[in-house]
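Colleague: Have a look at this fold, sequence not included:
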């Protein structure tokens, strides 16, 4: 013994003796802590030499202890000791092994686990694991040489009982680890003969071990994931050590087979036979284990990848019949959502590529190809009938196979036209698109490309035209897009693109899905021929009969709603596809295609059908991003030269190109610059000239749309001026006259003869028309060109105003009046010209929608021309309006909430009149005498039985008038709310006044709303 070792021995003895004596006397918590601390600080050599001495108090108390706490303390100390030493003597190992087994197993019934505390069981299993790990190879050889139920077999059995019967998660995990340790620790042995003998001995325990593995993984997800992880690790350990390639005799050559077998060890031959005989059972176990690839917890999937990787390294030949399932598992998990899982799985896939490139692996490639063809046959059925989780698995498997083959092998596969056709057919079936959710409702609002958001991937996914019929989640579309891109990358997107173009013409039924495939596969640049293919696909999309599909469902079109929805979906896909195809090109070549694609996309942006417009906006956003433009306006402005050519040529053929109006709306709405206004001046002038052609009456509605677009956009450009004008009107406040002045004014009105011609001439500004029509030529010349154009349009539209069914001329005039609001010399003659044909719209035979638009024009006249139309309004149109409002009030009483009435034009007419009538009265400055009939008519809607929305609008009407005519409105409302009331003054000299209600309305019906108005008026200064 060296002097240093001797010193360590004495030092260790000096430290350990006191604690051993104390522990043997009383193994309480304090002595246990001191004992553990002493073992940790004592020199390792000394502890090794004294371990038999240290074991004495441990063994004594372990045999005699009945207390749970004492047993746990003893086991705790034993674990600390085992971490410090190695067991090199078989007798010591056997003694400790026996002590532990006697404590955990029932002597009276050896097939059962002792009914003791779970904590003690856990501590015993942990101690057993340490004991086996810390045993020397010589000791382990002794343990395996007697591989019978008293040692290895019995320990495995007890552990399997614990896994099956116990509830404590960590105890079950440690029991599985114990089986794994006892089944694999022998692998440290370098002696081949001993290793082969131990392997043969352990084969008798394999069925029990594998049964516990399948038992664990077959449990529900409620089971803690750590138990499943341990079972997967045990499975791969058993297979890699016992059912491995090292124990298989390869039959290379039938002529050499017998000589090879003679030279092989007889034990190895027995192992080979055992593996072959039980291969079916191993396949069943493997099929159970790989089900965990769908487990919810990522650590389980991570362990499965590691286990499969081990099997691919050790068991390719021994598991020949099930190795494809193992490979498929890794392939599926290479597409896992969890980064840690797909990283390890992809590393394993890369290892497989090296296996393919090795010698004698051709059979494996053939097996994988057969499996791939089987997958293509089953995947459409699985996608249609399986759960979402299984769908994801199948998609991941398809993606993984393509990655696994790589470019070299995959190209060979799709060189066969049959295989390529099968693959594309499968993709078409997977990508079946849902068309029933596509809306055909039209929106008349003008699309604004100024507000198009920046392009994102979510923008291209969450769209109505890319909703897959068989999937409920957008993540499936992402997976399929990745698969298609892989196919294009490995199989050559150009060649596949040409093939898809042929299918586009031949398989019209699947044209939508083929379009989506083309868009995806050609969305990334792939070689020198890419531009040529992209150009051909763009030409294909823009063929007139393909690009302009019918979407209007009417008797004349003879297409069903379903066909129209399919056409809208196809249009959206082609629109999106144009942008994707252009974006896939190099920036230098994008400009060439933009000249062809930008105008058609602008047509889509301006479409009145929501999904089509959305597709156009998304296409613009993508072009802006990939073309390095600042914004959509920059894109349009820099390509405006050739856009104007499209407008000029197509506006002359409106019947053939009605969609030009959509693009025109978008372009006119681009900016508020005078330069852009000038650029459209010529275009609108051409349309104005065409509208005068008697042979172009069929295009009349289209002409009206152009005019409406132009005038609406001009009004938008003048929006700031309109806002300031409106604001000044709103801010006008009535003069706060004193009481005496109010009384005098009231007396003047009461004594005035309103039938007197003098009064008529003073208040009717419509008489001196001759002076109004003499417009100053200098003012006319100084007008901006677009204002002159608006005037010309309004004068032209007046010719179409008498039409009974057209409301578009009314909308144009309404917008035009707003535009001319700041040009009084031009406004008043136009108002005078409009008046007579407008009056024809105010009669009881006119449809509600036309009546409503006419009322809107009247309100705009009042806003812009003020009292210029007061007298004529009072005489010619107001009686009809009030009559219409009164008659419709009877129809809307007692209408139930949610009724279809709220979607009718009659309700919209009521709502519009009640909304605008207050401002109309104020703008034309009606006097109180003229307002009485109006107040009486509107009071119908104070009735509590009217729809609440109309009641609210009615109250808004009275509130607006109260600001200007507070006394008159207050007195009128009092007449509705009271039958008789006496007002008494605090001043005795002033007489009392009695007020009698003269209203024909039922007091109970209007009282609630009148009371609310009176309360509101108290807060209005």
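Modeller: Great, that's in hand. Computed from a prediction, not measured in an experiment: that's the story for all the values here.
Colleague: Nearest the middle, which residue of this structure would you pick?
Modeller: Centroid check for the chain by Cα atoms, centre = their mean gives residue 462 as the closest residue, at 5.0 Å.
Colleague: so where do the helices sit in the stretch 451-600 of the chain?
Modeller: Secondary structure of the stretch 451-600 of the chain (DSSP state H, counting those that start in this stretch): helices at 457-461, 474-491, 493-506, 511-521, 530-541, 544-547, 561-583, 587-605.
Colleague: closest to residue 448 out of those?
Modeller: helix 587-605 (9.5 Å; Cβ to Cβ). From N, CA and C alone the C-beta is placed, and that goes for glycine too.
Colleague: For the stretch 551-700 of the chain, give me the ranges with low pLDDT.
Modeller: Along the stretch 551-700 of the chain, the parts satisfying pLDDT under 70 run over 555-557, 671-679, 693-699.
Colleague: Name the residues of the longest helix along the chain that are buried.
Modeller: Using DSSP state H to define each element, the chain has its longest helix at helix 388-414. Buried residues in helix 388-414, counting neighbours by 16 or more other Cβ atoms under 10 Å, are found at 391-406, 409-410, 413-414.
Colleague: List the single closest residue to residue 666 in space, sequence neighbours excluded.
Modeller: Leaving aside its sequence neighbours, residue 666 sits nearest to residue 606 (Cβ to Cβ, 6 or more residues apart in numbering; 4.3 Å).
Colleague: and if you look at residue 83?
Modeller: Residue nearest to residue 83 in three dimensions, not counting chain neighbours: residue 130, with 6.7 Å by Cβ to Cβ, 6+ apart.
Colleague: what residues are up against that neighbour?
Modeller: For residue 130, the contact set (Cβ atoms under 8 Å, 6 or more residues apart in numbering) comprises 79, 82-83.
Colleague: Just among the residues you listed, which is most surrounded?
Modeller: Neighbour counts for the contacts of residue 130 (other Cβ atoms under 10 Å) peak at residue 82, which has 23 neighbours.
Colleague: What's the separation between the nearest residue to it once chain neighbours are set aside and residue 198?
Modeller: The spatial neighbour of residue 82 that comes closest, neighbours along the chain excluded (Cβ to Cβ, 6+ apart), is residue 130 at 4.3 Å. Plainly put, residue 130 is 21 Å away from residue 198 if you go by Cβ to Cβ, to the nearest Å.
Colleague: And for residue 106?
Modeller: Separation of residue 106 from residue 198 (Cβ to Cβ): 29 Å.
Colleague: Can you pull out the low-pLDDT segments for the stretch 351-500 of the chain?
Modeller: In the stretch 351-500 of the chain (pLDDT under 70), the answer is 356-363, 444-446.
Colleague: returning to that earlier point: tell me which element the residue nearest to residue 82 is part of?
Modeller: Taking DSSP states H and E as the definition, residue 130 sits inside helix 118-133.
Colleague: Compute the inter-axis angle for the following helix or strand past that helix and helix 118-133.
Modeller: Using DSSP H and E, the next helix or strand after helix 118-133 towards the C-terminus is helix 137-145. Here the directions of helix 137-145 and helix 118-133 differ by 110 degrees (axes from the mean of the first three to the mean of the last three Cα atoms, to 10 degrees).
Colleague: Give me the contacts around helix 137-145.
Modeller: By Cβ under 8 Å, 6+ apart, the list of residues contacting helix 137-145 reads 87-90, 93, 132, 135, 151-152, 185-186, 188-189, 194, 197-198, 201-202.
Colleague: Leaving out the residues flanking it, which one is nearest to residue 227?
Modeller: residue 172 (5.2 Å).
Colleague: so what's the one you found up against?
Modeller: Contact analysis of residue 172 by Cβ under 8 Å, 6+ apart lists 162-163, 166, 227, 230.
Colleague: Most widely separated two among the residues you listed?
Modeller: By the measure Cβ to Cβ, 166 and 230 form the most distant pair in the contacts of residue 172, at 13.4 Å.
Colleague: Who has more neighbours out of those two?
Modeller: Each of residue 166 and residue 230 has its neighbours counted (other Cβ under 10 Å); residue 230 has more, 22 against 15.
Colleague: isn't that one right next to residue 179, touching?
Modeller: No: here residue 230 lies out of contact with residue 179, judged by Cβ atoms under 8 Å, at a distance of 9.2 Å.
Colleague: Which helix or strand in the protein has the lowest average pLDDT?
Modeller: The helix or strand of the chain with the poorest confidence is helix 757-763; it has a mean of 42 (mean pLDDT, DSSP states H and E).
Colleague: Stretch 917-934 - what's its average pLDDT?
Modeller: The average pLDDT for stretch 917-934 rounds to 89.
Colleague: What residues of stretch 413-422 count as buried?
Modeller: The neighbour-count check on stretch 413-422 (16+ other Cβ under 10 Å) flags 413-414, 419-420 as buried.
Colleague: How far off centre is that stretch?
Modeller: Relative to its chain's centre, stretch 413-422 lies at 34 Å (Cα atoms, centre = their mean, to the nearest Å).
Colleague: Distance-wise, check residue 377 relative to residue 425.
Modeller: Distance from residue 377 to residue 425, by Cβ to Cβ: 11 Å.
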